[in-house]
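J.: 3D, please:
(chains A and B)
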Amino acid sequence: MPRREIISGNWAFAEAMRQINPDVVAAYPITPSTDIPMKFAEFVANGKVDTNFVTVESEHSAITACVTAAAAGARVMTASSANGVALMHEIFPIAAFFRNPIVFGLVNRSLGAPINIHCDHSDSMGERDAGWVHLYCEDAQEAYDSAILAVRLAEHKDILSPVFVCQDGFITSHSFEAVSMLDDETVKSFVGERDADLPLLDVDNPVTYGSFAMSEYYFEIKRQQVEAHRNVLKHYDSVARDYESVSGRFYPKLDKYRTDDADFIVVVMSSASGVVKDVVDELREKGVKAGCLRIRMFRPFPAADVAEVLGKAKAVAVLDRALSIGGTAPLSAEVKSALYDAGAHVPLQSCVYGLGGRDFFPQHAMEIFADLQKGNIRAEERYIGLLE
Amino acid sequence: MAIRLKDYTEKISPLSGGHRLCPGCGAPTAVHQGLMGIDSPLVVVNATGCLEVSTTVYPFSAWRVPWIHTAFENAGAGVSGVEAAYIALKKRGKIDKDIKFVTFGGDGGTYDIGLQSLSGALERGHDFTYICYNNQGYMNTGAQRSSATPRRANATTSPAGTVIPGKLQRAKDLTAIVEAHHIPYVAQTTLFNATDVAEKVKKAVETPGPAFVNILVPCVLFWGIDPALQHEICRLAADTRFWPVYEVENGKWKITYKPKKRVPIEEFLKPQARYRHLFKGDTSKALLEQAQADIEFEWQELLDRCGETWDPAD
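T.: Now for the predicted structure:
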């Protein structure tokens, strides 16, 4: 039976894993994602899943075992955060190149140093160019739904790409909220069974994975991965609609909140969009045409769709929860690039907020909208909530 | 268990010819001799290194069996994932064959950068065999020292100079470190006797749980030997006790090859350019004496572990 329970973002992701019952999970504990493998270990210990759960000795080994298990033909999931994600950095592009459909619960946390356990997006943004699909979730419900949806997206024959399902560390991962869950049978039939192409374990048809390709071939091979991501943009909606048909919940690439006629739009990702949406409602009551564009899919970046939403606005602010020190913060860079390609000259304020878990309050969003209305837009990025 | 060389002539090695390893390289010999005795279907996991790059130059592959490489420091984790998938898929009825898993790593990928990953895989008890093809340094990058490089060898990051006579440190005793994981089968050997390599690897593969075989193999470029001397130099490594040949089964240490005569270490060192500096100048005699003293010390350590004695006819 479908259920509605008060659970955390981590537990929601772990519940989805239980229902997916992957062949292999290889994981290593790190705050704030630890609850995911911990909860999953309980499922294993109590016979709720029959997954082969591999308790590796590092994140590097976790992702390595995931990659080789996926190449072997298994359905594979894992989770990590922050420095653990950074330690996996070397292996992420290999997963993407092998076209391993791994679904990864990435619980966003700031990268050290200074060491800090709270949320920002510096960990996943470091993996921006690894060739993985990036989905950023607003709340625990979305983390649950995305884990299930991502299995089908990752294993789509025209895609075959690993997927990060990101949620905000502590803010989402440790907050308890009502989450509607499907019944086990519905999830089981939605994800089906993995039908792997060229599995390593097919000993009658031996394949070589991870060969040495020099300048004559490397470029063409990488180009095929670009095509896979173009196919994500092409096929994502049909997978999301399939998920809607079993869950009643549809998750578009872009979450457009009152943007249709908006003059002033704030672009944001993950949990902070809840704050921005509240402020949008408040401003709308005062007659200000405010809107919020939440970027759910960051890789591949739906640039044309973003430009279409923002192109007619009078002013836009982009909120990044990560720095690119010495350059433009990652989301801002993407949005500016999308607008340039569309020939849209919209005044744009880059803002960095929430680093290391710094709170982002409605007042901050209110001030950002006020500056957009006043045309108080600067070329340099602003730091929201910074004491200086 | 006994392997007859005659049977080899009828078997096809999992590694074909046409790969790009150097003439005289010991790595492919270790693969051929090691895997020829295995009759089960095999999957090979390879750490980054000479064997990996030279056998899989895209769009070709010299491997007749499924083969996977991801990176340098993670072959232990790599085989863990493949084996985990095999167990899961077998349990779910998607695979019915009995498949064995063999991992190859050089000494750089095993003694140094891959030690943690190997240790984790051994501790977790995956059913696989790890073969270290140990040429005692980083050959893929040009003869740098590793923790497997023996004392006094001339390597490009521990060169024999006017002040420092090559590498100063003793090689890490990886076979003993692996044994300390209390896995069921650990062995070390060299390419001095084809049936010895084949029998040890066969025993390793057929033993349930993790197994490890450390095979000393020459690199003609680093060791500075005539490529035709592969077998001869390995025989001298065993006969001089530079590389003792032994196995540890369920904690029981046993020397499996005891040289009949005491052969001086010079006979192993002399044909190799990496030890040329030991045969020149005023310090030569002292350095060679130290080299022999190291051999006697380590051999006695091994005899003690085995609870054995040795009475050479010298």
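J.: taking the centroid of the chain, which residue is nearest it?
T.: You didn't say which chain, so I picked chain A. Most central in chain A under Cα atoms, centre = their mean is A:Leu135, positioned 2.6 Å from the mean C-alpha point.
J.: nope, chain B
T.: Note: chain B centre (Cα atoms, centre = their mean) maps to B:Ile215, 2.3 Å.
J.: mind listing what that one touches?
T.: B:Gly26, B:Ala30, B:Gly34, B:Ile131, B:Cys132, B:Tyr133, B:Asn134, B:Gln188, B:Thr189, B:Thr190, B:Leu191, B:Val197 (Cβ atoms under 8 Å, 6 or more residues apart in numbering or on different chains). In this view, the C-beta of every residue, glycine as well, is placed from N, C-alpha and C.
J.: and it, helix, strand or coil?
T.: Under DSSP: H, G, I helix; E, B strand; the rest coil, B:Ile215 falls in the strand class.
J.: re earlier: among the contacts of B:Ile215, name the ones in helices.
T.: Assigned to helices by DSSP state H, the following of those qualify: B:Gly26, B:Ala30, B:Gly34, B:Val197.
J.: who are the neighbours in contact with the second one?
T.: Contacts of B:Ala30 were listed using Cβ under 8 Å, 6+ apart, and they are B:Phe104, B:Ile131, B:Tyr133, B:Leu191, B:Val197, B:Ile215, B:Val217.
J.: contact partners for the nearest residue to the fifth one once chain neighbours are set aside?
T.: Spatial nearest neighbour of B:Val197, excluding adjacent residues (Cβ to Cβ, 6 or more residues apart in numbering or on different chains): B:Gln33 at 4.0 Å. Listed by Cβ under 8 Å, 6+ apart, the contact partners of B:Gln33 are B:Leu191, B:Ala194, B:Val197, B:Ala198, B:Val201.
J.: mind putting those residues in CSV, pLDDT and neighbour count included?
T.: Formatted as CSV, those follow (pLDDT from 0 to 100; neighbours: other Cβ atoms under 10 Å in any protein chain shown):
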residue, pLDDT, neighbour count
B:Leu191, 98, 24
B:Ala194, 87, 18
B:Val197, 96, 30
B:Ala198, 95, 24
B:Val201, 98, 27
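J.: and A:Arg230, which of the three is it?
T.: helix.
J.: measure the nearest residue to it once chain neighbours are set aside to A:Arg294 for me?
T.: Among residues not flanking A:Arg230 along the chain, A:Pro300 sits closest, at 7.1 Å (Cβ to Cβ, 6+ apart). Counting by Cβ to Cβ, to the nearest Å, the gap between A:Pro300 and A:Arg294 amounts to 17 Å.
J.: same question for A:Gly73.
T.: Separation of A:Gly73 from A:Arg294 (Cβ to Cβ): 36 Å.
J.: B:Met36 too?
T.: Taken as Cβ to Cβ, the span from B:Met36 to A:Arg294 is 60 Å.
J.: go on, A:Thr186?
T.: Counting by Cβ to Cβ - A:Thr186 and A:Arg294 are separated by 27 Å.
J.: before we move on, what about B:Pro208?
T.: B:Pro208 is 52 Å from A:Arg294, by Cβ to Cβ.
J.: neighbour count winner among the two?
T.: Applying other Cβ atoms under 10 Å in any protein chain shown to B:Pro208 and A:Arg294 shows that A:Arg294 carries more neighbours, namely 24 against 9.
J.: just the element for that one, please.
T.: Using DSSP states H and E, A:Arg294 maps to strand A:290-295.
J.: A:Ser180 now?
T.: strand A:176-181.
J.: residues touching that strand, excluding its own?
T.: The contact list for strand A:176-181, computed with Cβ under 8 Å, 6+ apart, reads A:2-8, A:12, A:15, A:19, A:139-141, A:144, A:247, A:249.
J.: redo that, cut-off 7 Å
T.: A:2-8, A:12, A:15, A:139-141, A:144 (Cβ atoms under 7 Å, 6 or more residues apart in numbering or on different chains).
J.: same question, stretch A:350-360
T.: Under Cβ under 7 Å, 6+ apart, the answer for stretch A:350-360 is A:110, A:116, A:118-120, A:170, A:272, A:275, A:317-321, A:323, A:328-329, A:332, A:364, A:368, A:381-385.
J.: what does stretch A:43-52 give?
T.: Residues contacting stretch A:43-52 (Cβ under 7 Å, 6+ apart): A:Arg18, A:Asn21, A:Pro22, A:Asp23, A:Val24, A:Val25, A:Phe53, B:Ala84, B:Ile87, B:Ala88, B:Lys91.
J.: what about that stretch, how long is it end to end?
T.: 11 Å (Cα to Cα, to the nearest Å).
J.: check stretch B:14-22 too.
T.: The first and last residues of stretch B:14-22 sit 18 Å apart, counting by Cα to Cα.
J.: could I get the buried residue list for that stretch?
T.: B:Pro14, B:Leu15, B:His19, B:Leu21 (16 or more other Cβ atoms under 10 Å in any protein chain shown).
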